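Chemist: Got a sequence here, can you model it:
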Amino acid sequence: MLHSIPAAFLMKIPKEKCHKTGLNSSINKCGSQEIAKNINEITNSLETRSSAIVSTQEKSAIYAFRVFLDPVYILLVIVQTAMLYNYLTTYTILIDVSRDHGVFIDHEVYIFLAISVAELFGRLFFGSITDAGYLTKLNFLALSFACIGLYAAIILVKGSAMMIAFGFSFGLFLGGISAVNM
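Modeler: Modelled structure (predicted):
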């Protein structure tokens, strides 16, 4: 979940581009004094604006890296990294745990299938719980993390049906977290 670090490197103020208009060939009939006044006003305002733009661009290049010192950003990176670590670890050790608990080799793929299908349902339908106002995002995330924490009880589970049920609940709440968190 460290996708936000490269995004922070991309933070720049876009450069202003000159736009040409189709009015270049038209001639306005004005007095020469009015044109001279307008030209002086334009050049004075352009000089002050260009110096302000240059100083803003210099500051923005330096201040773009302030996001790395923001405590909220650091907390988000730590939480997302821990969640990704737990998610990938689950997929890595799931086959070994299922073999240790008596799941047949032919049924191991159904555990992964249950997690994937449940994650799809969680992503599609659990976002509507917070959108409808039944739970706040914070309460929903706390409930989902608590239910995923119960997934640690998979150590006590024996048999392929219970492993698939636990895998389904893990995928369901993980999909809900992904839908609400993004």
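
Chemist: which stretches of the chain form helices?
Modeler: For the chain, helices defined by DSSP state H occupy the ranges 4-9, 32-63, 71-100, 108-125, 127-131, 137-149, 160-181.

Chemist: how about a markdown table for these, with mean neighbour count and mean pLDDT added?
Modeler: For every residue, glycine as well, the C-beta is placed using N, CA and C. Formatted as a markdown table, the helices of the chain follow (neighbours: other Cβ atoms under 10 Å; pLDDT from 0 to 100):
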| stretch | mean neighbour count | mean pLDDT |
| --- | --- | --- |
| helix 4-9 | 11 | 49 |
| helix 32-63 | 10 | 57 |
| helix 71-100 | 13 | 85 |
| helix 108-125 | 17 | 91 |
| helix 127-131 | 15 | 88 |
| helix 137-149 | 15 | 87 |
| helix 160-181 | 21 | 88 |
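
Chemist: Any figure for the gap between Leu156 and Leu150?
Modeler: 11 Å (Cβ to Cβ, to the nearest Å).

Chemist: nearest residue to Leu135 other than its sequence neighbours?
Modeler: Ile129 (5.5 Å; Cβ to Cβ, 6 or more residues apart in numbering).

Chemist: Does the one you found touch Phe140 like I think?
Modeler: Yes - counting by Cβ atoms under 8 Å, Ile129 does reach Phe140; the two are 6.0 Å apart.

Chemist: Are there residues contacting both of the two? Which ones?
Modeler: Gly176 (Cβ atoms under 8 Å, 6 or more residues apart in numbering).

Chemist: Over to His101: give its phi and psi.
Modeler: For His101, the backbone dihedrals (degrees, to the nearest 10) come out as phi -100, psi 20.

Chemist: what about the closest residue to it other than its chain neighbours, how many residues close to it?
Modeler: In space, and not counting its chain neighbours, His101 is closest to Lys158: 5.3 Å by Cβ to Cβ, 6+ apart. By the criterion of other Cβ atoms under 10 Å, Lys158 has 11 neighbours.

Chemist: Quick check: Gly159 vs Leu94, distance?
Modeler: 15 Å.

Chemist: Looking at Leu156 and Leu150, which is more packed in?
Modeler: Leu150 (12 against 9).

Chemist: residues touching the nearest residue to that one once chain neighbours are set aside, list them.
Modeler: Spatial nearest neighbour of Leu150, chain neighbours left out: Ser169 (7.9 Å); criterion: Cβ to Cβ, 6+ apart. By Cβ under 8 Å, 6+ apart, the residues touching Ser169 are Ala118, Cys147, Leu150, Tyr151.

Chemist: Mind picking the two most distant members of the residues you listed?
Modeler: Across these, the longest distance by Cβ to Cβ is 14.6 Å; it joins Ala118 and Leu150.

Chemist: gap between the two ends of stretch 92-109?
Modeler: 13 Å (Cα to Cα, to the nearest Å).
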